[in-house]
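**Q** predicted structure and sequence below. I'll ask about it afterward.
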Amino acid sequence: MPAPKLLSSLLLLPFFALPAFTSGDSPAEDQPRAGAPDCDDTYYQGLGNGGYDVSHYALELDVDMESGFMTAIATIDARATHALSAFNLDLWGLEVSSVSIAGVAAEFSHEGRELTIEPAQVLAAEANFQARIEYSGTPDLAPDASVASMGMKGTGWMRRKTGVFVMSECVGASGWFPCNDHPLDKATFSFSVEVAKPYLVAANGLLVEELDHGETRTFEWRASDPMSTYLATVNIAELEVEVSETESGLPLRLYYPAGTSDKALEPFRRTGELIAHFESLFGDYPFEAYGAVLTAEHLGGALESQTLPVYSRGAGEGTLAHELAHQWFGNCVGLEAWEDMWLNEGFAVYAGWLWREHKDGPEAIAKAAKRGYERVKRRKTGAPVDPGEAHVFGSRTYGRGPLVLHALRLEVGDEVFFEILRTWVERNFNSSASSADFVALSEELAGRKLVDLFGAWLYAEAVPAEAPSFE
């Protein structure tokens, strides 16, 4: 997501070894029991679930664009982390008509965001299983306290005048499909979306097939890289599309409303240049494709949906650089908990500074850092770590976050600093990490303790009283 005032932020693959949810997973003896109804996230009690890890979501959506009504099937492949007598999925605002496990009907109940499923037989520990959920309704924004300060009631499925656009950070995914709605549980995705002509569907990953049924079409998308639920997106609108690739052969696609000016599209047509520069700093682009959905709507910002960020009208090069950087920082390397949001947004803001440095020279990043320091000092912005649920998208993460990185760079020098960033991605590739992990890695590669630096810039409630030399 590009700024504190804005909300910016069909192939079944092998099961990924993802962190198991441990909430409620005691006692140690493996007696059948229900999985935990949440994952003990500090900010979002009730979100996420215990007892299993998801490996793949296959979503079949039939969307009536006139009424907004959707009928859907979610097929979820998962692994039980202990013997399961029951387990929960997160789903808000939609009606479930049937649930089955391995083709056998299962008992279920649905209250609030919690869909509780009781299989006909206990699921053995470490067993792979498949759940099929049929559901329907008119999706709407899922309530999300993190965006209330921006005048928004929620996140997720946004039905607007020109179409549907999905931006789910932090908890909007459960407003349009049943899921384990927490960044920790990454999975691959496939999307099969049927809509009436002339609407197009743009989603994560690669478009693998388009089926013409006469008055309707089905768009089949596959995302083969594991991703967090909030990064899944489906966009349905009357859009033009440009397909290209980078010099290295990475597929690119750009969706935009007919009549969009060349001036508005120009930054997006330079995507290959931005990717090449960020690869030189952070390592290879981590996913199978990249692109953008540029809308005609004011959506409240942009979101770094994995491989396919979604942009409000008027988005420019700075926002594009920000959302691109998230593909490394926030998407490939995800969060263990929302309280560490600066690891997403602070890194993306700093990447925007690095792009300015590349274009305009070292004085550009020095100026950005000075301006950022003066702003957070004047506003008495608190520590980046644990900003509070209501301030996840506030100046603690966007303002203080990049200053942590610039102070670290000045302390350890460019060679070590960029080694830290590249190693951060390599060690946590398609996984999740915490602030403590970043501190430990920085100290390891710097070859010394950095207690004073991180104490002053990451953990202290106020920035140092005197600005360091940002040159």
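**A** Perfect, thanks for sending it.
**Q** all helices of the stretch 201-350 of the chain, in order?
**A** Under the criterion DSSP state H, counting those that start in this stretch, the stretch 201-350 of the chain contains helices at 262-265, 271-282, 317-326, 342-360.
**Q** centre of the chain versus the longest one, how much separation?
**A** Same thing as helix 342-360. Chain-centre distance of helix 342-360: 18 Å, with C-alpha atoms, centre = their mean, to the nearest Å.
**Q** start at 51, not 1
**A** In the new count, where the first residue is 51, that last one comes out as helix 392-410.
**Q** now for the next helix or strand after it, which elements pack on it?
**A** Downstream of helix 392-410, the next assigned helix or strand under DSSP states H and E is helix 412-429. If you count contacts as 3 or more C-beta pairs under 8 Å, 6 or more residues apart in numbering; DSSP states H and E, helix 412-429 packs onto helix 392-410, helix 445, helix 451-462. Quick note: C-beta positions are derived from backbone N, CA and C, even for glycine.
**Q** turn the ones you listed into CSV, including mean neighbour count.
**A** CSV is the format used below for the helices and strands packed on helix 412-429 (neighbours: other C-beta atoms under 10 Å):
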stretch, mean neighbour count
helix 392-410, 23
helix 445, 21
helix 451-462, 23
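**Q** so which of those is nearest residue 200?
**A** Among those, helix 445 comes nearest to residue 200, with 12.7 Å by C-beta to C-beta.
**Q** and the closest one, how far from the chain's centre?
**A** That offset, for helix 445, works out to 19 Å (C-alpha atoms, centre = their mean).
**Q** show me what that helix is packed against.
**A** Secondary-structure packing of helix 445 (3+ C-beta pairs under 8 Å, 6+ apart): helix 412-429.
**Q** how does the chain divide into domains?
**A** For the chain, the structural domains run 83-377, 385-509, going by automatic domain parsing.
**Q** before we move on, the earlier item: and the helices and strands packed on helix 412-429 as CSV, adding mean pLDDT?
**A** Shown next, in CSV, are the helices and strands packed on helix 412-429 (pLDDT from 0 to 100):
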stretch, mean pLDDT
helix 392-410, 98
helix 445, 95
helix 451-462, 97
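**Q** for residue 479, see how far away residue 231 is.
**A** 23 Å (C-beta to C-beta, to the nearest Å).
**Q** neighbour count winner among the two?
**A** Using other C-beta atoms under 10 Å, the more surrounded residue of residue 231 and residue 479 is residue 231, with 31 against 12.
**Q** that one: what secondary structure?
**A** coil (DSSP: H, G, I helix; E, B strand; the rest coil).
**Q** hang on, it packs against residue 140?
**A** Yes. When contacts are counted by C-beta atoms under 8 Å, residue 231 is listed as touching residue 140 (4.0 Å).
**Q** what touches both of those two?
**A** 97, 98, 221, 223, 224 (C-beta atoms under 8 Å, 6 or more residues apart in numbering).
**Q** of those, select the buried ones using a ChimeraX command.
**A** To isolate the buried members of the shared contacts of residue 231 and residue 140 in ChimeraX, using 16 or more other C-beta atoms under 10 Å:
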select :97,98,221,223,224
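**Q** from the shared contacts of residue 231 and residue 140, which ones fall inside strands?
**A** Counting by DSSP state E, the shared contacts of residue 231 and residue 140 place none of their members in strands.
**Q** hmm, which two among the shared contacts of residue 231 and residue 140 are most spread apart?
**A** 98 and 223 (11.1 Å).
**Q** what touches both of these two?
**A** Common neighbours of residue 98 and residue 223 (C-beta under 8 Å, 6+ apart) are 140, 231.
**Q** apart from its neighbours in sequence, what residue is nearest the residue nearest in space to the middle of the chain?
**A** Note on the chain: the residue nearest the mean C-alpha position is residue 281, at 3.4 Å, using C-alpha atoms, centre = their mean. Once flanking residues are discounted, residue 281 sits nearest to residue 356: 4.1 Å by C-beta to C-beta, 6 or more residues apart in numbering.
**Q** check what pLDDT that neighbour gets.
**A** pLDDT recorded at residue 356 is 98.
**Q** I'd say it and residue 377 touch.
**A** Yes. With contact defined as C-beta under 8 Å, residue 356 reaches residue 377; the gap is 7.0 Å.
**Q** count of residues packed around residue 90?
**A** 15.
**Q** let's verify it: helix, strand, or coil?
**A** On the basis of three-state DSSP, residue 90 is classed as coil.
**Q** measure the residue lying closest to residue 467 once chain neighbours are set aside to residue 419 for me?
**A** For residue 467, ignoring the flanking residues on the chain, the nearest one in space by C-beta to C-beta, 6+ apart is residue 459 at 4.2 Å. Counting by C-beta to C-beta, the gap from residue 459 to residue 419 is 9 Å.
**Q** what does residue 308 give?
**A** 41 Å.
**Q** and for residue 189?
**A** 42 Å.
**Q** quick check: residue 404 touching residue 412?
**A** No. Between residue 404 and residue 412 there is no contact under C-beta under 8 Å: 10.8 Å.
**Q** point out where the protein drops to low pLDDT.
**A** 51-79, 521 (pLDDT under 70).
**Q** any chance of the helices and strands packed on helix 412-429 in TSV, plus distance to residue 265?
**A** As requested, the helices and strands packed on helix 412-429 are exported to TSV (distance: least, C-beta to C-beta, whole Å):
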stretch	distance to residue 265
helix 392-410	41
helix 445	49
helix 451-462	49
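**Q** give me the distance between the two termini of stretch 117-135.
**A** This stretch, stretch 117-135, spans 39 Å end to end (C-alpha to C-alpha, to the nearest Å).
**Q** for it, buried residues please.
**A** Buried-residue list, stretch 117-135, by 16+ other C-beta under 10 Å: 120, 122-135.
**Q** please apply the same query to stretch 343-354.
**A** Within stretch 343-354, the residues that count as buried by 16+ other C-beta under 10 Å are 343, 344, 345, 346, 347, 349, 350, 351, 352, 353, 354.
**Q** beta partners of the first one?
**A** I take that to be residue 343. residue 305, residue 360 (DSSP bridges).
**Q** ok, it touching residue 362?
**A** No. Counting by C-beta under 8 Å, residue 343 sits too far from residue 362 to count as a contact (10.4 Å).
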